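pasted the sequence and its predicted model underneath.
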Amino acid sequence: MNASSNAIAAQPNPSNKVRDFVARKPRLLINGEWVDSRSGKTIAVFDPATGREIAQVADAGKEEVDRAVAAARAAFESGPWADMTPAAREAILWKLSDLIERDAAELAELESLNNGKTRFMASIIDVPGARDWFRYMAGWATKIEGTTMQTSIGGIPGAKFHTYVAREAVGVVAQIVPWNFPLAMAAWKLAPALAAGCTCILKPAEQTPLSALRLGELIVEAGFPPGVVNILTGLGETTGAALVAHPGVDKIAFTGSTEVGKIINKSATDTMKRVSLELGGKSPMIVLPDADVGAAVGGAAMAIFFNSGQVCTAGSRLYIHSKIFDKVVEGLCGAASSIRLGPGLEQATEMGPLVSKEQQERVLSYIESGKKEGATVVAGGEAVSHPGYFVKPTVLVNCNPRMRVVREEIFGPVVAAQRYDDLDEVVKAANDSPFGLSASIWTNNLSAAHRLIPRIKAGTVWVNCHNLVDPNMPFGGFKSSGVGREHGRAVLDLYTELKSVCMLV
Ligand code: ADP
């Protein structure tokens, strides 16, 4: 490993509250109670800034999966949740969001400690985001509606029909989330499912289970009836796979890699589950010749270095018009080298480590592959000699469309910059990817932006901004970036079934 010797500050000690929470006995939330896993097996959890073990969580086995599914099924079919009015569901979701707000500081600290992101970012993005997703989705609970229509061809001469379509909760949902925004991803999944009246089994990523467990405590405190939300910590290939295969689960909602998404999609077919997948990306950022250079530089830095580049929508392919290529790259390199790396709980830190050793090695190996294939590193390009999993913000130039750093998702702070001269050429290059999650266009020419937007094959297109996600904006991917749309009214399609009713009157 290539390592430089930039000093990394020491990770400050966590608060007593967080220290006590991470030291608690490994437990799973099943049917409203914190229970042991029968096998007693546990999984170690690490602080990515130091590489030190900070906690052990339970490794849920098949038996716990069965118990959680049974609890979720019972809660869905009968009891307080099934009988609850939409307004009561709304109120309990709001209660949970208030508890998230009450414990925001603690949650941000926990998220930072476990994921590596800065406490500051967790406190302005992840935690308020989780709160606001619950609030936004709470509003949908009372607005789920069906339609009435006339049958179009009749069938029986002279007969009259009353025909309508009702929307019903899909049932028991297993939700498998990744490690890049652990709390926010849990909220993205739980909030709409609960608003729709489903019951849930949430499986956080094995690397970052702590904030989901803390959320579980708040869920119990908020007063959700037993079995409505169950939280199973465990490994993807065992706990996750068992949920996907379980005949008692009606739907899988997954966010993670395209590779695992494909496995899940295939496995879920055996039991014909509903599946929604939010997968990888390799999002292009297209800078037109008239763009404001300062805005493009700041935008490019934020697009790729936010959350240490561990963002599915990261702007990892940067296409800059030749006219301003040098200026934008120079500015971006300046931004990259001035970012202060450090542990998340240290106030002065601007960018934290990657989530795990595995991820650090993966990102570094991509940088090496880029170099081998002819790319030039103009900023960063190496790890920092420190026990944590740090990789410097990296800018690559002399890239071409065949390189792995241009084609594959790196999920780290590495951007491949390419120059272009012609708009048709850049549209072709931007769309030349198996992914289609998002893209951004940087220009002051309104007409150019509007002409370009329909030509880009992506679920989200930003103009003069990047990585902006809102609970009201449908989110998801074209092509290998996924199936289905989360957020907004669109997410209700993922958590409801349509029932056509036709009555001869
Ligand atoms: P990443 O590449 O970002 O680590 P993964 O797709 O591997 O993302 O993991 C995202 C989530 O999927 C995690 O919660 C992980 O435990 C889970 N997972 C991994 N493999 C499987 C699998 N075969 N079946 C179900 N879930 C899985």
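Good, I have the coordinates.

residue of the stretch 1-150 of the chain closest to the ligand, please.
residue 43 (10.2 Å; Cβ to the nearest ligand atom). The C-beta positions use only the backbone N, C-alpha and C, and glycine is treated the same way.

how many residues are close by the residue of the stretch 251-400 of the chain found nearest the ligand?
The ligand sits closest to residue 256 of the stretch 251-400 of the chain, with a gap of 2.7 Å, by Cβ to the nearest ligand atom. The local packing of residue 256 (other Cβ atoms under 10 Å) involves 22 other residues.

against the ligand, how distant is residue 243?
Here residue 243 is placed at a distance of 7 Å from the ligand (Cβ to the nearest ligand atom, to the nearest Å).

now this protein, which segments are flagged as low pLDDT?
1-6 (pLDDT under 70).

contact residues of it facing the ligand?
Residues of the chain found near the ligand (Cβ under 6 Å from any ligand atom) are 176-178, 203, 205-206, 236-237, 240-241, 244, 256-257, 260, 263-264.

can you flag the buried ones in those?
Neighbour counting over the residues of the chain next to the ligand (16 or more other Cβ atoms under 10 Å) leaves 176-178, 203, 205-206, 236, 240-241, 244, 256-257, 260, 263-264 as the buried ones.

state the distance from the residue of the stretch 251-400 of the chain closest to the ligand to residue 176.
7 Å (Cβ to Cβ, to the nearest Å).

how close does residue 494 sit to residue 147?
18 Å.

what's the closest of the buried ones among the residues of the chain next to the ligand to residue 420?
Nearest to residue 420 among these is residue 257, at 28.9 Å by Cβ to Cβ.

so who does that closest one touch?
Contacts of residue 257 were listed using Cβ atoms under 8 Å, 6 or more residues apart in numbering, and they are 178, 279, 280, 409.

okay, these in TSV with secondary structure and distance to residue 424 next?
As requested, the contacts of residue 257 are exported to TSV (DSSP: H, G, I helix; E, B strand; the rest coil; distance: Cβ to Cβ, whole Å):
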residue	secondary structure	distance to residue 424
178	coil	36
279	coil	28
280	coil	26
409	coil	26
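
could I get the phi/psi values of the nearest residue to residue 486 once chain neighbours are set aside?
Once flanking residues are discounted, residue 486 sits nearest to residue 475: 5.0 Å by Cβ to Cβ, 6 or more residues apart in numbering. Dihedral pair for residue 475: phi -130, psi 130, per degrees, to the nearest 10.

ok, residue 475 touching residue 459?
Yes. Between residue 475 and residue 459 there is a contact under Cβ atoms under 8 Å: 6.7 Å.

which residues do these two both contact?
Joint contacts of residue 475 and residue 459 (Cβ under 8 Å, 6+ apart) are residue 485.

nearest to residue 405, of the buried ones among the residues of the chain next to the ligand?
Taking those together and measuring to residue 405 by Cβ to Cβ, the closest member is residue 257, at 17.1 Å.

how about that closest one, phi and psi?
The phi/psi pair for residue 257 (degrees, to the nearest 10) is phi -70, psi 150.

in the stretch 151-300 of the chain, which spans are helices?
Secondary structure of the stretch 151-300 of the chain by DSSP state H, counting those that start in this stretch: the helices cover 182-196, 210-222, 241-245, 258-269, 293-305.

do you know how far residue 200 is from the ligand?
Counting by Cβ to the nearest ligand atom - residue 200 and the ligand are separated by 14 Å.

got it, and residue 162?
The value you get for residue 162 to the ligand, if Cβ to the nearest ligand atom is used, is 43 Å.

let's see stretch 168-177 as PDB, backbone CA atoms only.
Output of stretch 168-177 as PDB, limited to C-alpha atoms (Å, rounded to 0.1, in the frame of the first residue of the first chain):
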ATOM      1  CA  GLU A 168     -53.500  -2.000   0.500                       C
ATOM      2  CA  ALA A 169     -50.300  -2.400   2.400                       C
ATOM      3  CA  VAL A 170     -48.100  -5.000   0.800                       C
ATOM      4  CA  GLY A 171     -47.500  -6.900   4.100                       C
ATOM      5  CA  VAL A 172     -44.300  -8.000   5.800                       C
ATOM      6  CA  VAL A 173     -41.300  -6.200   4.400                       C
ATOM      7  CA  ALA A 174     -37.600  -7.100   4.900                       C
ATOM      8  CA  GLN A 175     -35.400  -4.100   4.400                       C
ATOM      9  CA  ILE A 176     -31.700  -4.500   3.900                       C
ATOM     10  CA  VAL A 177     -29.500  -1.400   4.000                       C
END
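
list the buried ones in that stretch?
169, 170, 171, 172, 173, 174, 175, 176, 177.

wait, the third one touches residue 250, no?
Yes. Contact criterion Cβ under 8 Å: residue 171 and residue 250 qualify, at 3.4 Å.

tell me, what's touching these two both at once?
Counting by Cβ under 8 Å, 6+ apart, nothing touches both residue 171 and residue 250.

could you pull out the helices in the stretch 401-505 of the chain for me?
So, for the stretch 401-505 of the chain - with DSSP H, counting those that start in this stretch - the helices run 404-407, 423-431, 446-452, 492-495.

would you tell me which one of those is buried the most?
helix 492-495 (a mean of 22; mean count of other Cβ atoms under 10 Å).

so which helix or strand takes in residue 112?
For residue 112, the element it lies in under DSSP states H and E is helix 104-115.

same question for residue 365.
Going by DSSP H and E, residue 365 is part of helix 357-372.

show me what that helix is packed up against.
strand 376-379, strand 394-397, helix 404-407, strand 414-420 (3 or more Cβ pairs under 8 Å, 6 or more residues apart in numbering; DSSP states H and E).
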